[in-house]
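J.: output the structure for:
(3 chains)
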Amino acid sequence: MNDIIPLVLDTLSSAALIFFAAVGLTLVFNVLRVLNVAHGSFYSIGAYVAASMCFFIASKHLNPYLSFLALLVSAVLVAVVLGPLIERTLIRWTYGKSEAVQILITFGLFLILEDAQRMVFGVQSFYEDTPMRLMGSTNIGGIVYLNYQLFLIAMAVVVLFGLRFLIKYSRLGRLVAAVVADREMAQSIGVDTGRIFVLAFSLGVFLAAFGGALAVPTSGVAPGLGADTMVLAFAVAAIGGLGQIEGAALAALIVALARVLAIYFEPSLDAVAPYAAMLVVLLVRPYGLFGTMTARRI
Amino acid sequence: MRMLILIVAILAVLAAPLAAPWLQFVLTLAIAKGMAALGVAILLRAGLISIGHAMFFAASAYGVAFLAAGGISDFATLLVLSVVIASLAGALVGAFLVRYRAIFFAMLNLAVSMVFYALFAKMYGVTGGTDGMTIPVPTVFGMQLAEPAFKSVLFYGSVALAIVVGLAVRRYLDSPLGHALSAVHTNEVRLEYLGVPVWAVLLIAYIVSAALAGLGGAIGGFAIGRVVPDFAFWTASGHLVLVAVLGGIGGVPGAFIGALFLELLHSEATALTDAWNLIVGAALIGVIVFLPKGLYGLFARDEVAAK
Amino acid sequence: MKFKTVLTALALAGCLGATMPASAQDKPASLGLGIFTFTSGPAAAYGMPGKNAADLMIDQINAAGGIGGVKIAPTYVDEAQGAQGVIAEYRRLAGEPNNQVMVAALSSANCLALAPLAEQLQVPTVGWNCDTHQLLQDGKNKYMFRPNGNTVPEFVAYAAYLLAKKPNVKTIAIINPDYAFGHDAATIFKAALHALKPDVQVVAELYPKLGSPNYQTEISRLTTARPDVVFSNLWGADLENFVRQAEPRGLFTSSQVILALGETILQRVPLPDGVIVGVLGDGWWMSPDAAANPETKKFVGAYKAKFGEYPVFPSIKMANTILYVKAAYESAMKKNGGKWPSRAELAEAMRGSTVTTLTGKTQTRPDGDGVVDQIVGVTVKSPDHSFPVIGDMVRYNGDALMPKEGQDPIAWISTLMPAFAASLPKPGSYK
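T.: Predicted coordinates for the structure are as follows:
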């Protein structure tokens, strides 16, 4: 019984990180109908940039609380630089092409970005835990938790409701909804779909990069992070139903719970748990928990 | 003209290890991956993209390792049984997955292959975990060969197998079953109205592709002498699709051209630069955008012009 | 029938090709040395100090005239590319006539993959960090050598030290990486504790994947189990991540922590006092033996000057391995009258040799396994350095902690008696 509190807290805090990895992928698919295999790379680039900024702040002996700001700024920076650049060139070219082409183009992009990170940031792991140390820790039910873990949970909730609000109530959100519902119709009534796509893609990049940045203080960043994040994001997006933001949140909880339960009760299955959860859900509901089938090509 | 190029290419491959012995390993691996990529290419004809076929490559290599540990030491027997294992795995997985199309097909393949990967990586007691399992040198027709001799047998044997398999796949693609694949891609509903059981057409294609990946996996496993779970990681599956597309899915030689091209480029490039993935990624995008028929399209176009 | 003839011919041709580089030769222009280590990824935190040490040691040897007048020209292979790439590189390097010996590898997984290859291609291969006891277990290896010792003495030493330090330990938890090294260490540590103090209970055993960045759930699990002792042989960036995440969550105050590879991160991560750490061998650069050796002092000084930090034990293991290769060449040349030795002669020179290293000596048994002493201690503050150092040390005689040749190591451990532990030197005795 005593295990309930740590189980819940561990599930929530890992779910928060997993949610950040997947929500951008799902958003981009929702709007652009492109499954972006390079999504994991944006996550790791965000992590690298955030770590570098925090290093810079530490080396200049600036106020260490600036490193919190650095986490956000680095994600914005990555989104502003890479989002439009990649959408306008590569991704745009794939609209209307077959899924195979889209997957391959973004797989090529993934390979390029992986090596680009190697060349820019080197091959050593980065570790920067200033934000985590600044926040201290709390004893909950006899177990010490980092306040930063609790902060991550809060951030995930903020992002989830922020996105919901953005899509449901803002003007941009309504335009996006119109484009998602019927691209041609939206175009014909004068919606600038090109602009919507750039914005949506950049928002996806931002979410991935922000997730990476938030992960740095607790887990560092090393080569290979992008590839590992990618499969996890895939799993979560698929469980939730591609394109469903609430679905991604629920799926993140399921995946996190599966993994936490494995570590507590059957540690030999920890790495299998997320994928097994994905397989079970997909065998029962092939289009995900919240997904709907798309029509076959006629 | 095209025939001539092919024959010259095959002869060049056969002769290369005489000039540079270490090339033999690289080329054997290229043929192994070419076979797996050929399997992926068959599915691509039907518009189905599988980011999970490396699992059959791995399943067959693990099959060889388990069978060898179980006392079977004959090369041909191991090869046949491991391909059977991969085909059975393909039938099992395929029966579930060929109902799906597009992104869902891709993702379900990814899901199954990652379960496979994670299980084999975690079962330390059975599979050696991430350390993998050793694949010993088998006996060939009852003879226990020295390692280098076996590697030569393996190399020339796999070239021969590649030719046989290539011809067989060509027949298959030219048969009604093969043509039905492209028809699935262009108009699946019409196919159903014609009374063609799409499910069966795709399941057969899936099993054939798994068997090809399995054949590649067995050869690759013998060449490397070890099988590790990384064989089934999703990036390995991605690379198989990449090889297929780079070579071109228009014809059977495409997969082998793609694999040879990549492996040779790799062994040259690693000496010069670390940015190997960058080169491959850029090449992939370049080929898709500018050469939709792949490298093989270069030769095929020649032929059309010559006609 | 005809096919069989062709096969036989092929087999013969293959054999001819393989036997060519085996005979004694003239001195080459340079001695190629394939060195396998991690130079990228999370494992590079451990692999790079090894590469750095190899660079420095080879520079020093070359500056002094090389080996028998031949300069060493190393080729580094990154193990992060996985077994397939590592094997391909090994084959390529083995095909170069210059390359007569390999220093491979860091990861036990790669060692296990390369060992059969070393036998097949008949290339003397020196495992600079191949600790898994499975490597030479069958006793059939002729070309694989491991001068730096194996997992059996390494982890029996930790069990002995723990019981000497904390005789009343009741519960332990284990968190090790999920591959041969982690599982071997857990098996040995548990078997040794079970033999020496049968009432010790294992309350949690976790094997996170090598390269995992996040250990928060594992740390919660370890904390809820409330063990007296947490044992870990995580290493590289994994170890750094684990310590940075576990320390603020109080794991180091609630349990006695043993970090088997803790010495590698002393200079990078602030470790609290009292953590049991060691060097998996005798490679502690500040040990009394190392401090008494002028060669070692010179090496440590040059290392600090070149790389900005002091060597860690992977650096010392690598440096000792290079010295081992050099000693083998010199003794082989002495034996055949100054001629450059063949691969077979080189392997023969390694077998049964005793080589003086920077931090002690290593004896190679006939089965290729090395016998080295084991140093274990706890972290203490140092007046001379900004980082903690190892205090309360013990130096166990390597021979005492190893089974005889051909003996099953786990069976041997289970025969150990509490009297065995009493016969060993006590913590603090190595000063």
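J.: got a list of what residue 191 touches?
T.: Using chain A. Counting by Cβ atoms under 8 Å, 6 or more residues apart in numbering or on different chains, A:Val191 touches A:175, A:178-179. C-beta: built from backbone N, CA, C; applies to glycine.
J.: the chain in question should be chain C.
T.: Contacts of C:Ala191 (Cβ under 8 Å, 6+ apart): C:410, C:413-414.
J.: can you tell me which of these are buried?
T.: By neighbour count, with 16 or more other Cβ atoms under 10 Å in any protein chain shown, the contacts of C:Ala191 hold C:410, C:413 as buried.
J.: so which residue is smack in the middle of the chain?
T.: Picked chain A for this. A:Ala21 (2.4 Å; Cα atoms, centre = their mean).
J.: try again with chain C
T.: Closest to where the C-alpha atoms of chain C average out (Cα atoms, centre = their mean) is C:Asn129, at 2.9 Å.
J.: which element is that one on?
T.: Under DSSP states H and E, no helix or strand contains C:Asn129.
J.: gap between the closest residue to it other than its chain neighbours and B:Asp230?
T.: With sequence-adjacent residues excluded and distances taken as Cβ to Cβ, 6 or more residues apart in numbering or on different chains, C:Asn129 is closest to C:Leu106, at 4.6 Å. The gap separating C:Leu106 from B:Asp230 is 17 Å, by Cβ to Cβ, to the nearest Å.
J.: ramachandran coordinates for the residue in the stretch 151-298 of chain A positioned nearest to chain C?
T.: Across the stretch 151-298 of chain A, no residue is closer to chain C than A:Ser219, which sits at 3.7 Å (Cβ to the nearest Cβ). Backbone geometry at A:Ser219, expressed as degrees, to the nearest 10, gives phi -130, psi 0.
J.: right, and it touches C:Asn241 too?
T.: Yes. Under the criterion of Cβ atoms under 8 Å, A:Ser219 makes contact with C:Asn241 at 6.4 Å.
J.: what is the burial count for the closest residue to C:Tyr396 other than its chain neighbours?
T.: Take C:Tyr396 and drop its neighbours on the chain: the residue closest to it by Cβ to Cβ, 6+ apart is C:Gln374, 4.5 Å away. Using other Cβ atoms under 10 Å in any protein chain shown, C:Gln374 has 26 neighbouring residues.
J.: hmm, back to that, neighbour count: C:Leu106 and B:Asp230, which is higher?
T.: Taking neighbours as other Cβ under 10 Å, C:Leu106 and B:Asp230 compare with C:Leu106 leading, 31 against 18.
J.: isn't the more buried one right next to C:Gly127, touching?
T.: No. When contacts are counted by Cβ under 8 Å, C:Leu106 is not listed as touching C:Gly127 (9.1 Å).
J.: assess the claim that C:Val152 and C:Pro409 are in contact.
T.: Yes. Using Cβ under 8 Å, C:Val152 makes contact with C:Pro409 at a distance of 4.6 Å.
J.: please enumerate the shared neighbours of the two.
T.: Joint contacts of C:Val152 and C:Pro409 (Cβ under 8 Å, 6+ apart) are C:133, C:188, C:403.
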